[in-house]
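**Student:** Okay, predicted coordinates and the sequence, questions at the end:
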Amino acid sequence: MSLSSVFNIAGSGMSAQTTRLNTVASNIANAETVSSSIDQTYRARHPVFATMFQGGQSGGSDSLFQNQEAAGQGVQVLGVVEDQSNLEARYEPNHPAADAKGYVYYPNVNVVEEMADMISASRSFQTNAEMMNTAKTMMQKVLTLGQ
């Protein structure tokens, strides 16, 4: 793995964390929206990530550590899925969005969990940015070695 591939790996991580931050923001923004039916109620969304691998250089060796020979190339977002946990039904017959039985349905968004997820995504983004700065500094130092 070359030093320049660090930029691609950190960039893919930053892109993935941006997607994560956007889904958290969407979840928090819709945490108090109500609906009169279960089908129309907002459901929390979560991104699904996967590691992108690059095959090892050694070919098809029968090593005990064969899985460790694959180098990571970054992360990709496979998609955004809806949380299928139960929605919160509240009996509020005076609410304008209440159904015929007097229930309103609230999203399955836990704001405390979303805030913790937002902090985690923000720190992961920051770590990837620091990795890029460190790699840039190392490349600059390598260029000054010949002087």
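**Tutor:** Yep, that arrived. Note that the coordinates shown come from a computational prediction; the quantities given were computed from them, not determined experimentally. Numbers count the residues shown, from 1 in each chain.

**Student:** Next one: residue 34 from residue 4, what distance?
**Tutor:** 51 Å (C-beta to C-beta, to the nearest Å). C-beta: built from backbone N, CA, C; applies to glycine.

**Student:** Neighbour count for these two, which is higher?
**Tutor:** Neighbour tally, residue 34 and residue 4, criterion other C-beta atoms under 10 Å: the higher count belongs to residue 34, 19 against 9.

**Student:** How far away from the center of its chain is stretch 74-85?
**Tutor:** Centre-to-centre, stretch 74-85 and its host chain are 7 Å apart (C-alpha atoms, centre = their mean, to the nearest Å).

**Student:** Ok, stretch 82-95 next?
**Tutor:** Its chain's average C-alpha position is 26 Å from that of stretch 82-95, according to C-alpha atoms, centre = their mean.

**Student:** swap in stretch 42-52?
**Tutor:** Centre-to-centre, stretch 42-52 and its host chain are 6 Å apart (C-alpha atoms, centre = their mean).
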